[in-house]
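Visitor: sequence and predicted structure, then a few things I'm wondering about:
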Amino acid sequence: MSGKPVKVLLAKKKIDVHGRASKLIARELRDAGMEVVYFRFGTVDEIVNAALQEDVDVIAVSIMTSGHLHLAENLVPALKAKGMNDVMVIFGGIIPDVDFEPLRKMGVHRAFPAGLPGSVVVDYINANVGKVGL
Amino acid sequence: MSATTATTAPDVVAQRVAEQVLDGHVRSATRLITQSQDGDPLARRVMSLLYPHCGRARLIGITGPPGAGKSTLVAGMIGELRKRGLTVGVIAVDPSSPFSGGAVLGDRDRMTGFSSDGEVFIRSMASRGAIGGLCAVANDAVDVMDAMGKDVVLIETVGVGQSEVEIAQIANTVVLTLVPGYGDELQAMKAGIMEAADIIVVNKADSPGANGAVAELQNMGYFQAVPQGEEMWQVPVVKMSALRNEGFDELEAQILRQSEFAEKTGWKAARQRRRRVHQFAEVVTDGVRRDFMGVMQEGGGFNGLLDRIEALQVDPYAAAQGISRRLRTLTKDL
């Protein structure tokens, strides 16, 4: 419990209805000592606004029903427009690995495929938070 | 009485941040809340600059046991306040894990629908081990939102048990949220959280037992004593269903009635003074505790007193009396 806890906004995009995966990762992050703002569904504006008001270090988006490329395309510029250049953006879930590189080019720092242990995400956040930018 | 002012010129950065916050800049404000929670020295400087601008916002505390519907109630209240054109700040506190230090902050999830409204600023916070159901920096967060110019600041506590009454030290109005089946009359008689309420809400009134609960609480007859004068505030019991959007008119009316009563009787001013004195006392005792623990950890402190305690030569109470006496002398000279 030393140092400042990392604060994460855990979001899903509008109508991407799923629960178990995002609740599971919320608990994994919590158990790793992070403060997780659990935010169900949001449009790009809603996610950006929540991230801004909550002053999070990380935006983690749980993806189930694709649309991740479209989301990244809009989310990253919207964050930059609000001056949130120091926030980490990660995606996780049902994402085909051919999309990993395009996501990275759009500014998503890392995409995680489904089925990984939560510790992989935890380790990535801990190793890179505050060091990456948009 | 002259206030002690900083002898150095005000820090330029702190000045700039303070101006941004006073202008209502959300990013600066939320950053400041984070920094004050993290104990950043810059945040303290900014807070000093903001302090004279505080005291305008109406502070409403929403407390109650976990799952009583506090967040849903807050969401409904935001909607009502916005209809009346008032700007709103929300501080929603959820518990930190005593094991990992982590937290799931789930209050915001129930307050959707205001994302595009620039006049609503919702900020979740983890309690980080603070007792009393409110985190130590809730005071700072309230001040930041107050200084930003929010008309009303809603403070949602963590789900509380019986004795977490810290909220009463901050809010102008404390709304205690209960649900049917909260317990029987004996529970309602116990000391603690029930005594902190200015207004009691029986939420989830669409579930069985609501009328019974309301009647029971009304029969108990809760009163709040006002500092001077014989008048007492009789705590109203409001039956609501926050989820179904029922009862907000009544709640709003009661909050207004309580505000007017508190204003008229001097109760409000007394509470505001008490809040600041309490905050001051906390900051001082925290500082003293920290300094004291620091000396303890350095080892061999207090001229070998610790050694003598360890060797069973002086008992801790007698040793503490000596320290207290010296602290008292010091305090008198301040």
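Guide: Sure, I can see it.

Visitor: near residue 67, how many other residues are there?
Guide: If you meant another chain, say so; for now it's chain A. 13 (other CB atoms under 10 Å in any protein chain shown). (Glycine included, C-beta is placed from N, CA and C.)

Visitor: um, chain B though
Guide: 10.

Visitor: B:Met194 now?
Guide: B:Met194 - counted by other CB under 10 Å - has 20 other residues nearby.

Visitor: repeat for B:Ala141
Guide: 26.

Visitor: could you do the one 3 residues further on as well?
Guide: Counted with other CB under 10 Å, the neighbours of B:Val144 add up to 29.

Visitor: the helix or strand containing it and chain A in contact?
Guide: Taking DSSP states H and E as the criterion, B:Val144 maps to helix B:138-148. No: applying CB under 8 Å from any CB of the partner chain, one finds helix B:138-148 separated from chain A by no less than 11.0 Å.

Visitor: repeat for stretch B:22-32
Guide: Yes: for stretch B:22-32, a contact with chain A is found by CB under 8 Å from any CB, at B:26-27, B:30-31.

Visitor: equivalent analysis for stretch B:39-52, please.
Guide: No: shown here: stretch B:39-52 not in contact with chain A (CB under 8 Å from any CB), separated by at least 9.1 Å.

Visitor: list the buried residues in that stretch.
Guide: In terms of neighbour count (16 or more other CB atoms under 10 Å in any protein chain shown), stretch B:39-52 has its buried residues at B:43, B:45-47, B:49-50.

Visitor: among those, which lie within helices?
Guide: Using DSSP state H, the subset of the buried residues of stretch B:39-52 located in helices is B:43, B:45-47, B:49-50.

Visitor: and the helix of greatest length in chain A, what's its mean pLDDT?
Guide: Longest helix of chain A, by residue count under DSSP H: helix A:68-81. In this model, helix A:68-81 has an average pLDDT of 96.

Visitor: alpha carbons of it, as CSV, please.
Guide: The C-alpha trace of helix A:68-81 is given here as CSV (Å, rounded to 0.1, in the frame of the first residue of the first chain):
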residue,chain,number,x,y,z
HIS,A,68,-12.7,-1.2,-31.4
LEU,A,69,-11.1,0.4,-34.4
HIS,A,70,-13.8,2.9,-34.8
LEU,A,71,-13.7,3.7,-31.1
ALA,A,72,-10.0,4.2,-31.0
GLU,A,73,-10.2,6.4,-34.1
ASN,A,74,-12.5,8.8,-32.2
LEU,A,75,-11.4,8.3,-28.6
VAL,A,76,-7.7,9.2,-28.9
PRO,A,77,-8.2,12.5,-30.7
ALA,A,78,-11.0,13.4,-28.3
LEU,A,79,-8.7,12.8,-25.4
LYS,A,80,-6.0,14.9,-27.0
ALA,A,81,-8.5,17.7,-27.7
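
Visitor: ranking helices and strands of chain A by mean pLDDT, which lands last?
Guide: strand A:35-42 (a mean of 89; mean pLDDT, DSSP states H and E).

Visitor: which other helices and strands does it contact?
Guide: strand A:7-13, helix A:20-31, helix A:44-54, strand B:103-105 (3 or more CB pairs under 8 Å, 6 or more residues apart in numbering or on different chains; DSSP states H and E).

Visitor: please work out how many residues are found near B:Ala269.
Guide: What B:Ala269 shows, counting by other CB under 10 Å, is a neighbour count of 12.

Visitor: give me the pLDDT value at it.
Guide: pLDDT at B:Ala269 comes out at 92.

Visitor: secondary structure class of it, three-state.
Guide: At B:Ala269, secondary structure determined by DSSP: H, G, I helix; E, B strand; the rest coil is helix.

Visitor: now do it against B:Ala171, distance only.
Guide: Using CB to CB, to the nearest Å, one obtains 14 Å as the distance from B:Ala269 to B:Ala171.

Visitor: so which residues on chain A come close to chain B?
Guide: So far as CB under 8 Å from any CB goes, chain A lies against chain B at A:1, A:4-5, A:7, A:26-27, A:29-43, A:45-46, A:49-50, A:52-55, A:82-84.

Visitor: are any of these buried, and which?
Guide: Here, 16+ other CB under 10 Å leaves A:5, A:7, A:26, A:29-40, A:42-43, A:46, A:49-50, A:52-55, A:84 buried among these.

Visitor: low pLDDT regions in the chain?
Guide: Since you didn't name a chain, this refers to chain A. A:1-3 (pLDDT under 70).

Visitor: that's the other chain; I wanted chain B
Guide: In chain B (pLDDT under 70), the answer is B:1-10, B:129-136, B:162-163, B:185-186, B:188-189, B:191, B:299-301.

Visitor: residues of the stretch 1-150 of chain B that sit close to chain A?
Guide: Checking the stretch 1-150 of chain B against chain A by CB under 8 Å from any CB, the hits are B:26-27, B:30-31, B:33-34, B:38, B:96-97, B:100-106, B:108-109, B:112, B:115-116, B:121-124, B:126, B:128.

Visitor: just the buried residues of the residues you listed.
Guide: By 16+ other CB under 10 Å, these give B:26, B:30-31, B:33-34, B:96-97, B:101-106, B:108-109, B:115, B:121-124, B:126, B:128 as buried.

Visitor: out of these, list just those in helices.
Guide: B:26, B:30-31, B:33-34.

Visitor: and which of these is nearest to B:Thr265?
Guide: Closest approach to B:Thr265 among these (CB to CB): B:Ile33, at 32.7 Å.

Visitor: I figured that closest one was touching A:Asp55, is that so?
Guide: Yes: contact between B:Ile33 and A:Asp55 holds when scored by CB atoms under 8 Å: they sit 7.0 Å apart.

Visitor: give the bridge partners for the closest residue to A:Ile47 other than its chain neighbours, please.
Guide: The shortest distance from A:Ile47 to any non-neighbouring residue, by CB to CB, 6 or more residues apart in numbering or on different chains, is to A:Ala11 (4.9 Å). A:Ala11 has these beta-bridge partners by DSSP bridges: A:Phe39, A:Val61.
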